[in-house]
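1. model this:
(one chain, ligands or ions: 1)
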Amino acid sequence: MTRRTIIAGNWKMNTRAGEAAELAKGVAGAVGENPAVEVAVCPPAVYLSVVADVLAGSAVGLGAQNLYPAEDGAFTGEVNASMLRDVGCRYVILGHSERRALLGETDAEVSEKLSAALAGNLVPIVCVGETLDDREGGKTESVVETQLKGSLKGLDEARAAGVVIAYEPVWAIGTGKTASPEQAEEVHAFIRKLLGELFGSEVAEQIRIQYGGSVKPGNAKDLLGQPNIDGALVGGASLKVDDFVAIIQAGC
Ligand code: PEP
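-> Numbering: from 1, shown residues only. Below you'll find the model as predicted:
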């Protein structure tokens, strides 16, 4: 089974309109029309339209960093899947560890958002990953299992293949510490085994699992060369065109 590598940039709460447009222009220009890998950028919600205009006609997809799982209505400050589609999004990141830690986002909320994303024709990128304490306490697998099963609750086999999972060890995010390719592969293989238990091995083989956590041009090739690592979710390095493009090239 060949899974198409997917590299996504999570810009988090960074850039202003001008920078966002320049960054998107640089990525789209370097990626060209038929990249060997799938590429997406996920700007802050307020700049989605700005970036959508720049990416129009390019092979780079647009993603959001979150959504609210409801139809239009009295949800001050929130944005739903239909709005994200309307401004040109194809992807949405769900359950990022920063949202889990800072905003108390739970697995149950992630699973509601996942249903809303799929109903709204968005490709969800569902994040899971353990903290340093979890890892040092030998709890990596149990934490990842709980998050994965909770976040994917209610997902049916038919739609599971279209979901992207991002394994992001919290201790490696924005810290400059990267999981070694072997450490990452071990967890990715474990996630694929769990996906097989949930959806059957045929579907599990189709689901792409990205690695995230201080992915840089210097470590991308080794990480992406692992059998169960099907892409990268890139934070800091996605804010520099040259670095992000080098990571994309490492995946080609
Ligand atoms: C992320 O935010 O998803 C991430 C992986 O960040 P960084 O690449 O900066 O560690």
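
2. how many neighbours does the nearest residue to Lys153 once chain neighbours are set aside have?
-> Nearest residue to Lys153, sequence neighbours excluded (C-beta to C-beta, 6 or more residues apart in numbering): Ser111, at 4.4 Å. C-betas here are computed from N, CA, C, even on glycine. Using other C-beta atoms under 10 Å, Ser111 has 21 neighbouring residues.

3. likewise Arg90?
-> Residues near Arg90, counting by other C-beta under 10 Å, number 16.

4. Torsion angles phi and psi at it?
-> phi -110, psi -20 (degrees, to the nearest 10).

5. That one contacts Ala59, correct?
-> No. In this structure Arg90 lies outside contact range of Ala59 using C-beta atoms under 8 Å: 11.3 Å.

6. Go ahead and list the helix or strand containing the residue nearest to Lys153.
-> helix 107-119 (DSSP states H and E).

7. if I pick Pro169, what's in contact with it?
-> 129-130, 135, 140, 179, 183-184, 187, 213 (C-beta atoms under 8 Å, 6 or more residues apart in numbering).

8. Could you give me the PyMOL selection string for whichever of those residues are buried?
-> Command for PyMOL that selects the buried part of these, burial taken from 16 or more other C-beta atoms under 10 Å:
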select buried, resi 129+130+135+140+179+184+187+213
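
9. From the ligand, how far off is His188?
-> Look at His188 and the ligand: by C-beta to the nearest ligand atom, to the nearest Å, they are 15 Å apart.

10. Just list the residues touching that residue, thanks.
-> Counted by C-beta under 8 Å, 6+ apart, His188 has contacts 167, 209, 211, 226, 228-229.

11. Please identify, among those residues, the one with the most neighbours.
-> Busiest of those [other C-beta under 10 Å] is Tyr211, holding 31 neighbours.

12. Relative to Ile248, how far out is Gly26?
-> As for Gly26, its distance to Ile248 is 12 Å (criterion: C-beta to C-beta, to the nearest Å).

13. which element follows whichever strand or helix holds Val27 toward the C-terminus?
-> Using DSSP H and E, Val27 sits within helix 17-31. As assigned by DSSP H and E, the chain's next helix or strand after helix 17-31 is strand 38-42.

14. got the angle for that next one vs helix 17-31?
-> 180 degrees (axes from the mean of the first three to the mean of the last three C-alpha atoms, to 10 degrees).
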